[in-house]
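[1] Quick one: sequence plus predicted model below, questions after.
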Amino acid sequence: MENIKLIVNFLGQLLPAINITLIVSLSSIILGSLLGLLLAAARLSQSVILRVLAGIYVSVIRATPSIIMIFLVYYGMPLLFNGWFHTNIDGWNRMYFVIIALTLLFSAPVSEIMRSAYESISKGQMEAGLLVGMSPFQTFYRIILPQAFVVALPNFANSVVNLLKEGALTFTIGVVDMVSKAQMIVANNSGGYAWQTYCALALIYWVISLAIDKGVSLVEKSYQKKRKTIAV
Amino acid sequence: MSLDTDFMVKVAYTAIHGVPVTLKIVLVALLISLPIGVLFALIRIYRIKVLEQFVKFYVSLIRGTPIIAQILIVYSAFPSLLNTIIGKAAFDINPIYYAYIVFTLNSIATLTEVFRSALQTVDKGQMEAGLMVGMKPRQTFWRIIFPQALISALPNIANATLYLIKNSSLAFIMSVKDITAIAKTEAAFNYNFLEAYLVVWVYYLIICYCAEVIFYLLERYFSKYRRPTKKTTGFNWLPFSIKQPEIEAKTDLTESERTNHAQN
């Protein structure tokens, strides 16, 4: 009972730091989706060079641990900027480095998800759209995209949850997010009540990812109602 | 912009001592969690009353929390927990055992989901056919259902292994001396973190690609037991090779193809 009281108390202390986690995850979701879209377009394009480059990028990212990515961006980018553009970016807010690292990490799985969703829609849909006189962009936007969206949604949500969990590594380069806040609380209590603090931390993440799962399954259900299948 | 190449070579030599530690964590976690994952998946599929709720809760809890939180909880809770059981000796335990615990708990959750979806891909008719020829349910499961499920689970097991290898880089938080930890301590002398992490990155790329190749070979080896599906066309183009159609080949047809076939 006492433990539960402690956990609730720590929850209250940790929650104010949630906005850093949310800002980092949201901006890397948006940027990563854009980059993923470009990568998916490159993988589906006619040019061999683009396809190979995008393929190599995806497979390298797939094999890179998130913490190594964060460290590489944090220590490598200032050097790169110094060498190539002669600008000093040491003073940047550390959150930007995390956002860049997570964007790079997020774009690879997202590009794969988008590509497979696009390929799962049969070519006849595109041809039918063109046949009735729509332009290629119109056909993509009005016919292909809504169908591909439904296919991609569960996997996309899965990688969003993964990104959220990877975002917990923000603390390793010294941004004060929930994890480092929890560590500070433990240090303030001189090492006491450690597992209760971390349980509160885990609880917050669990609630967020449960909420994402729930939201996605609701959206999916509403789409499935609209979807009418033609009886053969 | 210049990299200290001498230092990189030095780190490459010292960090190689961390490779066995990383591999040990991955292998121990995989070997323990594979059977437990199968067990948990079976509990979910056969809907065993209380246990099903427990497995559901466990999987959602582990998959919903970042591994760093799990590491911190285990690393802070277990020593004092063990202290009450076995006394002071608990604090002398090699931290690698805590790494085993965390990564095993973590991959049990992933593998449960993997096996659950793999077992669901096997057609119900397979079980019925097995029972028809007089096998016991247990026999049918181990000899007919499980091998098929394992093949369709292999790509996802490969994914889970990659995920595990990548996550094992976080073991340095528990002061396990793996690749990352060694590189980190080496770099701390002169603040050449970038060089050290580049070396570590290359190591992880090599390990991950090796794992991918191993799983690719496993997949190829096991899929040779899969009979190729022959498209049954109405007209046989080779008049001298008229044979009885292979009955087994039809079991691999998908649902829609099967109904089409029945209609024909």
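    Everything's here; your move. Being a predicted model, the structure only gives us computed values, none of them experimental. Residues are numbered from 1 along each chain as shown, chains lettered A, B, ... in the order given.

[2] before we move on, what SS does the closest residue to chain B within chain A have?
    As assessed by Cβ to the nearest Cβ, chain B sits closest to residue A:83 within chain A, at 2.8 Å. For glycine as for every other residue, the C-beta is placed from the backbone atoms N, C-alpha and C. Recorded secondary structure, residue A:83: helix (DSSP: H, G, I helix; E, B strand; the rest coil).

[3] can I see the domain layout of chain B?
    Using automatic domain parsing, the domains assigned to chain B come out as B:10-123+B:131-226, B:235-264.

[4] okay if I get these as a markdown table plus distance to residue A:98, mean neighbour count and mean pLDDT?
    What follows is those, written out as a markdown table (distance: least, Cβ to Cβ, whole Å; neighbours: other Cβ atoms under 10 Å in any protein chain shown; pLDDT from 0 to 100):
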| stretch | distance to residue A:98 | mean neighbour count | mean pLDDT |
| --- | --- | --- | --- |
| domain B:10-123+B:131-226 | 14 | 17 | 86 |
| domain B:235-264 | 44 | 10 | 46 |
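
[5] can you tell me which of those comes nearest to residue A:206?
    domain B:10-123+B:131-226 (4.1 Å; Cβ to Cβ).

[6] what's in contact with the lowest-mean-pLDDT helix or strand in chain A?
    Every helix and strand of chain A was ranked by mean pLDDT, DSSP states H and E. The lowest is helix A:2-14, at a mean of 79. Where contact means Cβ atoms under 8 Å, 6 or more residues apart in numbering or on different chains, the residues beyond helix A:2-14 that reach it are A:178, A:181-182, A:185, A:193, A:196-197, A:199-201, A:203-204.

[7] Give the buried residues for whichever helix or strand comes after that helix.
    Note on helix A:2-14: by DSSP states H and E, the next helix or strand toward the C-terminus is helix A:18-44. Neighbour counts over helix A:18-44 (16 or more other Cβ atoms under 10 Å in any protein chain shown) mark A:20-21, A:24-25, A:27-29, A:31-33, A:35-36, A:39-40, A:42-43 as buried.

[8] From residue A:59, how far off is the residue in the stretch 151-264 of chain B that chain A sits nearest to?
    Closest residue of the stretch 151-264 of chain B to chain A, Cβ to the nearest Cβ: residue B:208 (3.4 Å). In this view, residue B:208 and residue A:59 are 9 Å apart by Cβ to Cβ, to the nearest Å.

[9] do the same with residue B:68
    Where residue A:59 is concerned, residue B:68 sits at a distance of 25 Å (Cβ to Cβ).

[10] again, but for residue B:40
    Relative to residue A:59, and taking Cβ to Cβ, residue B:40 is found at 31 Å.

[11] repeat for residue A:166
    Noted for residue A:166: a distance of 18 Å to residue A:59, by Cβ to Cβ.

[12] out of those two, which sits in the busier spot?
    residue A:166 (28 against 15; other Cβ atoms under 10 Å in any protein chain shown).

[13] Can the helix or strand hosting residue A:214 be said to contact chain B?
    For residue A:214, the host element (DSSP H and E) is helix A:194-226. Yes - counting by Cβ under 8 Å from any Cβ of the partner chain, chain B has neighbours in helix A:194-226: A:194-195, A:198-199, A:201-202, A:205-206, A:208-210.

[14] The residue of the stretch 151-264 of chain B closest to chain A touches residue B:164, doesn't it?
    No - distance between residue B:208 and residue B:164: 10.5 Å, which falls outside the contact criterion (Cβ atoms under 8 Å).

[15] The helix holding residue A:214 - contacts with which helices or strands?
    Packing partners of helix A:194-226 (3 or more Cβ pairs under 8 Å, 6 or more residues apart in numbering or on different chains; DSSP states H and E): helix A:2-14, helix A:145-166, helix A:178-188, helix B:49-64, helix B:67-86.

[16] Take those helices and write them to TSV, including distance to residue B:221.
    Converted to TSV, those look like this (distance: least, Cβ to Cβ, whole Å):
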stretch	distance to residue B:221
helix A:2-14	49
helix A:145-166	28
helix A:178-188	42
helix B:49-64	30
helix B:67-86	31
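
[17] Tell me which of these lies nearest to residue A:222.
    Using Cβ to Cβ, those put helix A:145-166 closest to residue A:222, at 10.2 Å.

[18] for that closest one, packing partners?
    Using 3+ Cβ pairs under 8 Å, 6+ apart, helix A:145-166 is in contact with helix A:18-44, helix A:94-120, helix A:194-226.

[19] Pull out the buried positions in the last one.
    This points to helix A:194-226. Buried, per 16+ other Cβ under 10 Å, within helix A:194-226: A:194-206, A:208-209, A:212-213, A:216.

[20] Near chain A, which residues of the stretch 151-264 of chain B? Just list them.
    B:162, B:165-167, B:169-170, B:180, B:193-194, B:197-198, B:200-201, B:204-205, B:208-209, B:212.

[21] Quick check: of the buried residues of helix A:18-44, which lies closest to residue B:76?
    Nearest member of these to residue B:76, counting by Cβ to Cβ, is residue A:21, at 20.8 Å.

[22] for the closest one, what are its contacts?
    A:164, A:167-168, A:170, A:177-178.

[23] Quick one: these as JSON lines, columns for distance to residue B:46 too.
    Listed next are the contacts of residue A:21 as JSON lines, based on distance: Cβ to Cβ, whole Å:
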{"residue": "A:164", "distance to residue B:46": "32"}
{"residue": "A:167", "distance to residue B:46": "37"}
{"residue": "A:168", "distance to residue B:46": "35"}
{"residue": "A:170", "distance to residue B:46": "41"}
{"residue": "A:177", "distance to residue B:46": "41"}
{"residue": "A:178", "distance to residue B:46": "38"}
